[in-house]
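K.L.:
sequence plus the predicted model coming up.
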Amino acid sequence: MYRIGELAKMAEVTPDTIRYYEKQQMMEHEVRTEGGFRLYTESDLQRLKFIRHARQLGFSLESIRELLSIRIDPEHH
């Protein structure tokens, strides 16, 4: 499990970027420490890297959100 700063460094984004993606419902933070810090998994890291690469390729946030929903629930798309 990674804290937000560790995740940001590994994905080459800022913690604020991760928080923004969470507000846009592109990332989730279901796990927290007793102190209230967000914890992220390897799956979260891969998702964040996917978002970052899609942004670099010029995809809009709405398009990325749709792609992520297809990856999660392919039967409904």
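P.N.:
Nice, I can see it.

K.L.:
so how far is the worst-scoring helix or strand of the chain on mean pLDDT from its chain's centroid?
P.N.:
Ranking every helix and strand in the chain by mean pLDDT, DSSP states H and E puts strand 31-32 at the bottom, with a mean of 81. Mean-position distance between strand 31-32 and its chain equals 15 Å (CA atoms, centre = their mean, to the nearest Å).

K.L.:
sheet-wise, list the partners of it with their directions.
P.N.:
strand 38-40 (antiparallel) (DSSP bridges).

K.L.:
helix or strand for residue 16, which one?
P.N.:
Following DSSP states H and E, one finds residue 16 within helix 15-23.

K.L.:
state the mean pLDDT of that helix.
P.N.:
Helix 15-23 shows a mean pLDDT of 94.

K.L.:
which strands and helices lie in contact with it?
P.N.:
helix 4-11, helix 42-56 (3 or more CB pairs under 8 Å, 6 or more residues apart in numbering; DSSP states H and E). The C-beta positions use only the backbone N, C-alpha and C, and glycine is treated the same way.

K.L.:
what's in contact with the longest one?
P.N.:
The set of residues external to helix 42-56 that reach it, using CB atoms under 8 Å, 6 or more residues apart in numbering, is 2, 7, 10-13, 18, 21, 26-29, 61, 63-64, 67-68.

K.L.:
and it, which residues are buried?
P.N.:
If you call a residue buried by 16 or more other CB atoms under 10 Å, then helix 42-56 has these buried ones: 44, 47, 48, 50, 51, 52, 54, 55.

K.L.:
next, format those residues as a markdown table and append pLDDT and distance to residue 37.
P.N.:
Shown next, in a markdown table, are the buried residues of helix 42-56 (pLDDT from 0 to 100; distance: CB to CB, whole Å):
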| residue | pLDDT | distance to residue 37 |
| --- | --- | --- |
| 44 | 94 | 14 |
| 47 | 94 | 19 |
| 48 | 95 | 17 |
| 50 | 95 | 24 |
| 51 | 96 | 21 |
| 52 | 95 | 22 |
| 54 | 96 | 27 |
| 55 | 95 | 26 |
